[in-house]
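**Student:** have a look at this prediction, sequence included:
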Amino acid sequence: MSKIGVLGSGEVGEALADGFLKHGHQVMRGSSNAGKLAGWQAKAGPNAHAGTFREAARWAESIVLAVKGSAAEAVLDAAGLENLAGKTVMDPTNPIAEKPPEDGVLRFFTSLDESLMERLQRKVPEAHFVKVFSCVGNAFMVNPSFPGGPPTMFICGNDAGAKAEVKSVLGQFGWDTADMGTAAAARAIEPLCILWCIPGLRGGGWSHAFKLLRA
Ligand SMILES: NC(=O)c1ccc[n+]([C@@H]2O[C@H](COP(=O)([O-])OP(=O)(O)OC[C@H]3O[C@@H](n4cnc5c(N)ncnc54)[C@H](OP(=O)(O)O)[C@@H]3O)[C@@H](O)[C@H]2O)c1
């Protein structure tokens, strides 16, 4: 059983925290206002803990950064950069801008030459960021069931050990993993969120996931 710190009081934090608990891990969720998490903790069982961003990051062996993209750097500061050093940081964040979507196409505050995860990795070089869970809705993050079989989660990051850990988590969570390489590949993976959201934002539903087919 490992200790997973889930930074984030939103629906992604909840889905992934519940997934880690379901698969036998201990979880501490973090928020700027730990009181927000009391209701979740009360129903989540004895392996569920709640605290500040800093308390969750310090306690954890591995971390999930499930916060608003534009707040991600501030949350890392709040967590304490020293509490992230040497740890795997699973990163589902997307750099969604405040401007409204156009024809169902979300806008990002990054460019195709620089992803959010690269910014975060540069900010905390001692942490091992892995992009994961960014290209699917929270309802399908843990053990999704589709008629076409397990979908594909695209991951990337600079540290081979951290990616091996994430691949093992994805196996538990019922995903095929496609490792796209170093942190720079987040420039391609993060925009998959834009593609994933188009059917939903255009009224076509949110019940889908990507699958990579290989010959
Ligand atoms: N929703 C999905 O299905 C989905 C799917 C894939 C990826 N994602 C990505 O996953 C991340 C989390 O999404 P979400 O839907 O769970 O919730 P969210 O509303 O994007 O994020 C909630 C978290 O962000 C923190 N936060 C928000 N604004 C902040 C600010 N100005 N300063 C500091 N912290 C701030 C909140 O802190 P407090 O706890 O202190 O309030 C909270 O913990 C996002 O980057 C999103 O793009 C979402």
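**Tutor:** Nice, thanks for sending it over.
**Student:** C-alpha from now on. contacts and neighbour counts both.
**Tutor:** Noted.
**Student:** check contacts around the residue nearest the centre of the chain.
**Tutor:** In the chain, the residue lying closest to the centroid (CA atoms, centre = their mean) is residue 92, at 2.4 Å. Residues in contact with residue 92 (CA atoms under 8 Å, 6 or more residues apart in numbering) are 64-66, 131-135.
**Student:** at 7 Å instead, please
**Tutor:** Each residue near residue 92 by CA atoms under 7 Å, 6 or more residues apart in numbering is listed here: 65-66, 131-134.
**Student:** excluding chain neighbours, what is closest to it?
**Tutor:** Nearest residue to residue 92, sequence neighbours excluded (CA to CA, 6 or more residues apart in numbering): residue 134, at 4.1 Å.
**Student:** low-confidence stretches in this structure?
**Tutor:** 1 (pLDDT under 70).
**Student:** where along it do the helices fall?
**Tutor:** In the chain, helices defined by DSSP state H lie at 11-22, 38-44, 53-59, 72-79, 116-123, 160-172, 186-189, 192-201, listed in chain order.
**Student:** got a markdown table for those helices, with distance to residue 2 and mean neighbour count too?
**Tutor:** Shown next, in a markdown table, are these (distance: least, CA to CA, whole Å; neighbours: other CA atoms under 10 Å):
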| stretch | distance to residue 2 | mean neighbour count |
| --- | --- | --- |
| helix 11-22 | 9 | 20 |
| helix 38-44 | 17 | 14 |
| helix 53-59 | 11 | 23 |
| helix 72-79 | 19 | 18 |
| helix 116-123 | 23 | 19 |
| helix 160-172 | 11 | 17 |
| helix 186-189 | 26 | 21 |
| helix 192-201 | 29 | 18 |
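**Student:** closest one to the ligand among those?
**Tutor:** helix 11-22 (3.7 Å; CA to the nearest ligand atom).
**Student:** from what I see, residue 157 and residue 182 are in contact.
**Tutor:** Yes: at 4.5 Å, residue 157 and residue 182 qualify as touching, with contact defined as CA atoms under 7 Å.
**Student:** who has more neighbours out of those two?
**Tutor:** Taking other CA atoms under 10 Å, residue 157 and residue 182 do not tie; residue 157 has more neighbours (28 against 18).
**Student:** residue numbers of this structure in contact with the ligand?
**Tutor:** With CA under 6 Å from any ligand atom as the criterion, the chain meets the ligand at residues 8-13, 31-33, 66-69, 71, 74-75, 92-94, 133-138.
**Student:** swap in 5 Å and give it another go.
**Tutor:** Contact residues (CA under 5 Å from any ligand atom) of the chain with the ligand: 8-12, 31-32, 66-69, 71, 93-94, 134, 137-138.
**Student:** any of these buried? List them.
**Tutor:** Neighbour-count burial (16 or more other CA atoms under 10 Å) applied to these gives 8-9, 12, 31-32, 66-69, 93-94, 134, 137.
**Student:** most widely separated two among those?
**Tutor:** Comparing every pair within these by CA to CA identifies 32 and 137 as the most remote, at 23.7 Å.
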